[in-house]
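[1] Curious how this folds, go ahead:
(3 chains)
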Amino acid sequence: MVLARPEVTPEAPAPPDRTAARRPGRARRAAVRAGLMVPPVVFFALFFGRPVAAIVGRGFHDGGSWRPGRLAEVLGRPEIRDVLWFTTWQALASTALTLLLALPGAYVLARFDFPGRRLLRAVVTVPFVLPTVVVGTAFLALVGRGGLLDELWGVRLDTTVWAILLAHVFFNYAVVVRTVGGLWAQLDPRQEEAARVLGATRLGAWRRVTLPALAPAVAAAALMVFLFTYTSFGVVQILGGPAYATLEAEIYRQTAQLLDLSTAAVLTLTQFAAVGAVLAVHAWTVRRRETALRLVDPATTARRPRGAGQWTLLGAVLASIALLLLLPPAVLVARSFGGPEALTFYRALQDAGASGGTFLVPPLQTVWNSLQYALAATAIALLIGGCAAAALSRDAGRLVRGLDALLMLPLGVSAVTVGFGFLITLDEPPLDLRSSWILVPLAQALVGVPFVVRVMLPVLRAVDTRLREAAAVLGASPWRVWREVDLPLVRRAVLVAAGFAFAVSLGEFGATVFIARPDNPTLPVAVARLLGRPGALNYGQAMALSTILMVVCAVALLLLERLRTDRSGEF
Amino acid sequence: MPDSENPDSGMPPAVSPSAAVPPGSGEPGGALLALEGVTVRFGGRAALDGVDLAVAAHETVCVLGPSGSGKSTLLRVVAGLQPPDTGRVLLAGADQRGVPPHRRGLGLMFQDHQLFPQRDVAGNVDFGLRVRGAGRAERAARVAELLELVGLPGAGRRAVAALSGGEQQRVALARALAPNPRLLMLDEPFGQLDRGLRERLVTELRALFGRLGTTVLAVTHDQGEAFALADRVVVMRDGRIAQTGTPLEVWRRPADEFVARFLGFDNVVAATVTGTAADTPWGRLPVPAGSPEGARRLLVRPAGVRPAEGAGGLRCTVAGRVFRGHHVAVRLRPDAAGAPPLEAEWPLREAPEEGAEVGVRFAPEEIVVLG
Amino acid sequence: MTTTHPAPHSARTGTSRTRTVRLAAGALAAALGVTALAACGGGSGQASGGGDSKTVTLVTHDSFNASPAVLKEFTRRTGYTVKVLKSGDAGEAVNKAILTKGAPQGDVFFGVDNTLLSRALDNGLFQPYEAKGLDRIPAAVQLDRGKHRVTPVDTGDICVNYDKKYFADKKLAPPATFDDLAEPAYKDLLVTENPERSSPGLGFLLGTAAAYGDDGWTGYWKKLRANGVKVVDSWELAYNQEFSGSAGGKQAKGDRPLVVSYASSPPVEVLYAKPQPKEAPTGVATGTCFRQTEFAGLLTGAKNEAGGKALIDFLIGKRFQEDVPLQMFVNPVAGDAALPALFTRHGARIDAPATLAPEKIAAHRDQWIQTWSSLVLK
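    Below is the predicted model of the structure:
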């Protein structure tokens, strides 16, 4: 990183003062970068690296000696091979399908100006933050028994792979819209215009100008979707039926149910290797294409649709959003009002007694629990991810840039592995956190940090470095430069990142359920618990609570949209 | 480069304005800025190669050179944005090694201004004051004062994206001046402006710097700008200083063929000088007394190529002519074999038609034997 | 514009340097902050976890519940406050306890049932303690009588539930026994859960193994399969989606009138209906039940042994035992605990549930599940 340029030319040995003369500036920058890296490194070492290493280590260190031979032994089992094959192909298919359906959506939401656009952008993000329990339930309402397709045409997709794929699209639509669309809205349309004037066709201009600029974002989005679907757990289990199992589900089974840590360790390593390989390929492709982009105010790039083609596109996108993204939650909402009186289930939420023994507190209390956890997790994720992004955006060398990919790894590691790892590593003072509330936001932040980094890093890297120099020459310290130049330019990215981190934390289910906790359940946990009880009131309350979760998410995201447009008016 | 030989911008002012310290007074010891043996390498290439340079307080120095000659690197080294591989930068006698840009107290106007897009005009101008912790009232007063100074009174609330190139230029200048930098550096300050605006701004700036007593280090590739702005001109070539002097000195006596050609003079030939005469492919030319003797390069300024009376002088064919307002630039092809073409400046009335046969003579006062 | 001389900069150098230092310090502080925050959290967790002798920590599964009033009663009587730590579903909670053996998360563990008991005992999870009041508990459920490492707290029965309306409409008698389920009359009616992933599913499998023996149960499942048994992954899916008798299943238009669930499901169905019906919409096939017994034990390495012992005594005390049915929908083990009216009115009496010795379950479970998978899923 510091040694990017050769310090000494071999033919002319340097005079003694030469290295001394260039050291201070570089040393300071290196020190700042190192200082910025400290929080992320400490965080990941304590709350990711060590727990995962410990649990995997225990799996291989069986009966007093190391048993690396387990690897081949486990991977040779045909049922494990089946799991690997299914995991991979369904992830690839889900990613392709998501891109196919969501890229037009990203374009429409970025470049077309139509009433309700902002609302729609917030709405498409809601599914992403819903807990898998709720998504599974909502999706069953569409493709499952008695679902809409069943009613209309007698088509049932549950327990087929199609249900899984469609649910993955439902889940990850927002990833593409926000990652790609966010950038698309900020690309200067004049670049494409310039290409048109130079004789390129509309498609040609898009392919040669816009696509290369978008490619890193598309790659990042595809990577995210692949990771999410590769490690899919709840959706596969609820919609797929017993015939389908992903690697993640198998790891859960081996760890939590069978306590076969050695098989689980092999599978964890396998998943780790697969995810690592994907991340490496991604880092490589992005690096090759990363360029300083000319970004403009997103408000100036949106136009009202013109011509039959554009209206058709808009209509098609709106229809697909309505069918895929709005319909399942709509059924869920309808069911939440399905009591004897419209508000029966909602009233019951305020009353701990109504749910019998399900909770010690009124279920509504879980909304506040969730909000508090999510805020804490967002703060941690922004601090850790912000430091990492800031450090990685400086003229970093290969080593530091590699960290960029490393930060993504938590997305590829099973929540159960991390949760069980916590149990055996965070058991000694001063880090005996096993029964502390902080463990929940820490675990949630682990998933939030990659979002923060991925959203902020490309924008930070796109900031013209001479703007920073201009500020420095005017007397701004590095910290001040960051605050005055980088931060305002990336504020949008920070907000988007915060929104993602918040939403992910709010709906986070995996880590939360695997962590032992005092009885202040989060909203998704409460939904799962209600669904695990018989009776109309419990089922209805689960629907009502899911509806509240969706509304909270939608409001939070809508606020974010508004906030972000107000600020970006300054651009 | 003949097109820059415009008498208005190309001719240097005969004397420096009274407010400025006389050129050449920046002795290294008392210089505000001193570079000593500064070298910067990028890969194997030296962007700066052992540069020594001093700028005295209140002096305006222009570094002039083609692109790639290292002038921007020079500014970045002084600003602390680029650490030198060798050598020292001293500001008011203090070695700047290890001093980060924000603690050098300099002003730098970037080639493309680099205004902060998210701030309005006032937010840009008062940036340097703000980061130094100046109060709101003080900042407002200073912004008003500077906007007045650069001719944009009341523009504080305007968005920078809505400004024209010239206005951005002025805002960038006001921003650089606001914290009272001890040295103001300008990187191609007029590069993106149209000609009329550029000439007006150069004049305004020169007057302004004179009035404020600002010490200025500017870099440009346009000798017209350099000559109009500077007390002293530094011509750079491939990371080295080719010549230093007042605009008049440089104009009158380019140090070598590179400087001469960079200034737009193309009538350069090999010559053998003996006493007050030189043998050249154009024949035997008179040279000023005291010129160095022997095998030399010799420059004839276009103004020194005159029509010969009668049938005498060097016989040439007119190969082309370009109207330049006050004169016509005439391109002549000598009939003599092996003689390079000649550039001449003739009054409009005297200029022959293309293809005409003319005879030329040479005026010794416009002939320079190069070093 | 009056200033003609550069402003002095030396004065500012100090502040700027401080800023750089502050930046580095800030980054460090942030890092330390996270650690400190974590440490604080750990500290408080530690304090309430056991270092504080006034708190006793109960590690349990997600289904654990107790009325706040009952827990307050415990505090009033003993001076200890209970901190409840929920640790996932039953299997997960036991596995976590095994994983943290030696540095347990709390003092008492509740929720290990007879399907998991051997694993817990073999791993030395518990230390012996003979609870006060054991004489009120039937010997049949005291599975560790010799050593008293665990104390039974409740029992629950996993049984096939039926949709009363369906069978009334079809004028068909609902099934009563395992054998009935394989009858052609009940073809394509039963939905059960994957025993690999669901504890009622496992209970049902164990019930058939108990009823038909080591050699007979595979034959029974072949018949069930031929009779169109449907297998889903979770109780939630089976009960709320596929089963036609539950509130959720009615909404989802479930079309299986038979489901593997609990004996307590019909009363709960009544409890959570609004308005409450006079009669439960579902019934229990009493000859298809497998009995689960849940135990509590004092964890090895408990920091508050005295408090833990008091808590175990309390768990089998009358007050807690009578709270159990409506909190966890299982039956109390203590003979003197009265059942709530809801259970006596809508619940079924299971007189002869299938049972299996924990050692036998431990020895065969994995192999049975594997055999079952290849028999039913493939």
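
[2] Report the secondary structure state of the residue in the stretch 1-150 of chain B positioned nearest to chain A.
    Per CB to the nearest CB, residue B:98 is where the stretch 1-150 of chain B lies closest to chain A, at 3.2 Å. C-beta here means a position set from N, CA and C on the backbone, and glycine is covered the same way. Recorded secondary structure, residue B:98: coil (DSSP: H, G, I helix; E, B strand; the rest coil).

[3] what about it, how many neighbours?
    Number of residues near residue B:98 (other CB atoms under 10 Å in any protein chain shown) recorded here: 16.

[4] Ok, the one 3 residues further on next?
    Counted with other CB under 10 Å, the burial measure for residue B:101 works out to 28 neighbours.

[5] again with residue B:195
    Per other CB under 10 Å, the neighbour tally for residue B:195 reads 11.

[6] Could you do residue A:343 as well?
    12.

[7] how far away is the residue of the stretch 1-150 of chain B closest to chain A from residue B:91?
    13 Å (CB to CB, to the nearest Å).

[8] Would you mind naming what in the stretch 51-200 of chain B lies close to chain C?
    Proximity of the stretch 51-200 of chain B to chain C, by CB under 8 Å from any CB of the partner chain, involves residues B:100, B:102-105, B:132-133, B:145-146, B:149, B:179-183.

[9] For ChimeraX, write the selection for the buried entries among those.
    The buried residues among those can be selected in ChimeraX (16 or more other CB atoms under 10 Å in any protein chain shown) with this line:
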select /B:100,102,103,104,105,132,145,146,149,179,180,181,182,183
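
[10] quick one: contacts for residue A:204?
    Applying CB atoms under 8 Å, 6 or more residues apart in numbering or on different chains, we find residue A:204 in contact with residue A:195.

[11] Give the burial count for the residue lying closest to residue A:230 once chain neighbours are set aside, as a bare number.
    Of all residues not flanking residue A:230 in the chain, residue A:91 sits nearest, at 4.0 Å (CB to CB, 6 or more residues apart in numbering or on different chains). Residues lying near residue A:91 (other CB under 10 Å) number 23.

[12] need the next SSE after the helix or strand encompassing residue A:91, C-terminal direction.
    Secondary structure from DSSP states H and E places residue A:91 in helix A:78-111. Sequence order places helix A:117-129 as the next helix or strand after helix A:78-111, per DSSP H and E.

[13] I'd like the distance from the helix or strand hosting residue A:559 to the chain centre, please.
    If you go by DSSP H and E, residue A:559 is part of helix A:536-568. Helix A:536-568 sits 18 Å away from the centroid of its parent chain (CA atoms, centre = their mean, to the nearest Å).

[14] Mind listing what's buried along it?
    In helix A:536-568, counting by 16+ other CB under 10 Å, buried: A:536-550, A:552-554, A:556-558, A:560-561, A:564, A:568.

[15] right, quick check: that helix against chain B, any contact?
    No - using CB under 8 Å from any CB, helix A:536-568 never reaches chain B; the gap is at least 8.9 Å.

[16] Count the neighbours of residue 96 for me.
    I went with chain A, as the question did not name one. 14.

[17] that's the wrong chain, I wanted chain C
    By other CB under 10 Å, neighbour count at residue C:96 equals 29.

[18] Backbone dihedrals for the closest residue to it other than its chain neighbours, please?
    Take residue C:96 and drop its neighbours on the chain: the residue closest to it by CB to CB, 6+ apart is residue C:87, 5.1 Å away. Backbone torsions for residue C:87, taken as degrees, to the nearest 10, come to phi -130, psi 30.

[19] so what's residue C:87 up against?
    Here residue C:87 is in contact with A:516, C:59, C:60, C:61, C:62, C:93, C:96, C:97, C:105 (criterion: CB under 8 Å, 6+ apart).

[20] same question, residue C:193
    By CB under 8 Å, 6+ apart, the residues touching residue C:193 are C:200, C:201, C:204, C:231, C:232, C:233, C:234, C:235, C:237, C:238, C:260.

[21] near chain A too, which of those residues?
    Among these, the residues lying close to chain A (CB under 8 Å from any CB) are C:231, C:232, C:233, C:234, C:235, C:237.

[22] Who wins on neighbours among those?
    Greatest neighbour count in these, by other CB under 10 Å, goes to residue C:237: 31 neighbours.

[23] Considering only chain A, name the residue that lies closest to chain C.
    Closest approach of chain A to chain C (CB to the nearest CB) occurs at residue A:535, with a separation of 2.5 Å.

[24] Got the phi and psi for the nearest residue to that residue once chain neighbours are set aside?
    Closest residue to residue A:535 in three dimensions, ignoring its sequence neighbours and counting by CB to CB, 6+ apart: residue C:272, at 2.5 Å. Backbone torsions for residue C:272, taken as degrees, to the nearest 10, come to phi -100, psi 20.

[25] swap in the one 3 residues further on?
    Backbone torsions for residue C:275, taken as degrees, to the nearest 10, come to phi -70, psi 160.

[26] neighbours around it, how many?
    A total of 7 residues lie near residue C:275 under the criterion other CB under 10 Å.

[27] Now do the contacts for it.
    Counted by CB under 8 Å, 6+ apart, residue C:275 has contacts residue A:340.

[28] Model confidence at it, what's the number?
    With respect to pLDDT, residue C:275 has a value of 80.

[29] How about residue A:211?
    82.

[30] The one 3 residues further on now?
    Listed pLDDT for residue A:214 reads 83.

[31] What of the one 3 residues further on?
    With respect to pLDDT, residue A:217 has a value of 80.

[32] Surely it touches residue A:186?
    No - using CB atoms under 8 Å, residue A:217 is not in contact with residue A:186; the gap is 10.3 Å.

[33] quick one, strands of the chain?
    In the absence of a named chain, this looks at chain A. For chain A, the strands defined by DSSP state E cover A:61-62, A:65-66, A:517-518.

[34] Oops, wrong one, chain C.
    Using DSSP E, strands in chain C cover C:55-60, C:81-86, C:108-113, C:126-127, C:150-163, C:190-193, C:230-232, C:258-262, C:282-299, C:331-332.

[35] low-scoring stretches of chain C, by residue?
    C:1-52 (pLDDT under 70).

[36] Which stretches in chain C count as helices?
    With helices called from DSSP state H, chain C shows them at C:10-46, C:68-78, C:90-99, C:117-122, C:164-169, C:178-181, C:199-226, C:235-237, C:247-251, C:265-271, C:305-315, C:318-328, C:341-346, C:358-372.

[37] Check which residues of the fourth one are buried.
    Buried residues in helix C:117-122, defined by neighbour count with 16+ other CB under 10 Å: C:117, C:118, C:119, C:120, C:121.

[38] Could you do the last one as well?
    Going by neighbour count (16+ other CB under 10 Å), the buried part of helix C:358-372 is C:358, C:360, C:361, C:362, C:365, C:368, C:369, C:372.

[39] Any chance you could list what contacts it?
    The contact list for helix C:358-372 (CB under 8 Å, 6+ apart) reads A:258, C:114-115, C:117-119, C:121-122, C:143, C:195-196, C:202, C:205-206, C:209, C:214, C:217-218, C:221.

[40] Go back to the residues you listed and keep what's next to chain B.
    Taking CB under 8 Å from any CB as the test, chain B is in contact with none of the contacts of helix C:358-372.

[41] before we move on, the earlier item: from the residues of the stretch 51-200 of chain B next to chain C, which land in strands?
    Using DSSP E, those in strands are residue B:183.
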